[in-house]
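1. Quick one: sequence plus predicted model below, questions after.
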Amino acid sequence: MHTKSRDNWVAAAFVAPFVIAYLVLFLYPTVRMIFLTFTDAPLIGTGGWVGFKNYLRLFNDKAYINAFWNTGYFVLLTVIPNTLLGLVFAMMVNRQKGYVQSLILAAFFLPYILPVSVVFRIWEWIMDYQFGIAQYALDAFYGERVAVFRNKAWAMPMIAFVTIWWTIGFNVLLFIAGLRNISQDMYDASALDGANRWKQFRFITWPLIWPVTALVLTIQLILQLKIFDQLYLLTLGGNVNNTMVLVQYIYKQAFQLNKGGYGATVAFSLFMIIVVVSVLQYQVLRAKPR
């Protein structure tokens, strides 16, 4: 009994830092944020109790609805393309051997380790209206130069492209890890039975790589629902109403307009959207492809 009690105290001592950090850094701020949604408090300070007024305001707030649809549009532009391209590139890289594979993999992963400020500067320079090297291609094929990050039709797709370029290396690494867990003997046996590469992918690779695919889809969905950094930097000075997303709207309400209560309400709505969509996606992706 003495040994068991001592083991319990040792286990509690190891667990305690995590529990304390969880309570202080996550649970308390979350509860505090939910409380703020029922007030008209500024960013710093207390406010009066307004009940569900902030929640009712969301349904009549055209800027919030616009930010909601912009976020959904960005998710459609990035989540599935980023996942599928990651799988395709991973399969291509996995066929290489030795230092060639290492070099190609490093080339894919290098953008992922860059901070968002560097990514912003790279693509701002590439797409610069006057001096950007990509503008020569646009002029040749499109007929004119385009300020892509200020243009309503071009902004979101171009930022989605930059995001995929920036983050696809992580997806490639995850898929390669999954592909390397598939035994080569399965491919050799199927080849003896006359299976071509498409049949090998359809009946071996795709079913066995599906758990990794579901993981990548879930990670990408959560990340892109929280899109802010690159979009805010690349469209700075442009027509923000055309590219305003939910996190940017939270920033505007809380930090620019000093409406802490309403900003917390928008933040909590985004939190619930992420929870609901992630759970629904998880339930859908639990079914393995046949």
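-> Done, it's in. Quick caveat: nothing in here was measured; it's all calculated off a predicted structure. Numbering: from 1, shown residues only.
2. wait, what's in contact with Pro111?
-> When contacts are counted by CB atoms under 8 Å, 6 or more residues apart in numbering, Pro111 touches 119, 165-169. C-beta here means a position set from N, CA and C on the backbone, and glycine is covered the same way.
3. of all those residues, which comes closest to Leu110?
-> Minimum distance to Leu110 across those is 7.0 Å, recorded for Gly169 (CB to CB).
4. I'd say the closest one and Phe109 touch.
-> Yes. The pair Gly169 / Phe109 is scored as a contact, 3.7 Å apart, by CB atoms under 8 Å.
5. excluding its backbone neighbours, what's nearest the most centrally placed residue in the chain?
-> Centroid-nearest residue in the chain: Leu223, 2.1 Å away (criterion: CA atoms, centre = their mean). Once flanking residues are discounted, Leu223 sits nearest to Thr167: 7.4 Å by CB to CB, 6 or more residues apart in numbering.
6. Tell me which other helices or strands the one helix or strand that neighbour maps to touches.
-> Assigned by DSSP states H and E, Thr167 belongs to helix 152-179. The contact analysis (3 or more CB pairs under 8 Å, 6 or more residues apart in numbering; DSSP states H and E) places helix 152-179 against helix 62-94, helix 98-109, helix 116-126, helix 206-225, helix 229-234, helix 240-243.
7. Export the fourth one to PDB, keeping only CA atoms.
-> Right, helix 206-225. What follows is helix 206-225 as a C-alpha-only set of coordinates in PDB (Å, rounded to 0.1, in the frame of the first residue of the first chain):
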ATOM      1  CA  TRP A 206      -5.500   4.200 -51.300                       C
ATOM      2  CA  PRO A 207      -7.200   1.900 -48.700                       C
ATOM      3  CA  LEU A 208      -4.000   1.700 -46.600                       C
ATOM      4  CA  ILE A 209      -3.100   5.300 -46.900                       C
ATOM      5  CA  TRP A 210      -6.700   6.400 -45.900                       C
ATOM      6  CA  PRO A 211      -6.000   6.900 -42.200                       C
ATOM      7  CA  VAL A 212      -3.200   9.300 -43.100                       C
ATOM      8  CA  THR A 213      -5.400  11.100 -45.600                       C
ATOM      9  CA  ALA A 214      -8.100  11.500 -43.000                       C
ATOM     10  CA  LEU A 215      -5.500  13.000 -40.600                       C
ATOM     11  CA  VAL A 216      -4.200  15.400 -43.200                       C
ATOM     12  CA  LEU A 217      -7.700  16.500 -44.200                       C
ATOM     13  CA  THR A 218      -8.600  17.200 -40.500                       C
ATOM     14  CA  ILE A 219      -5.400  19.100 -39.900                       C
ATOM     15  CA  GLN A 220      -5.800  21.200 -43.000                       C
ATOM     16  CA  LEU A 221      -9.500  21.900 -42.300                       C
ATOM     17  CA  ILE A 222      -8.700  23.300 -38.800                       C
ATOM     18  CA  LEU A 223      -5.700  25.300 -40.000                       C
ATOM     19  CA  GLN A 224      -7.500  26.900 -43.000                       C
ATOM     20  CA  LEU A 225     -10.600  27.800 -40.900                       C
END
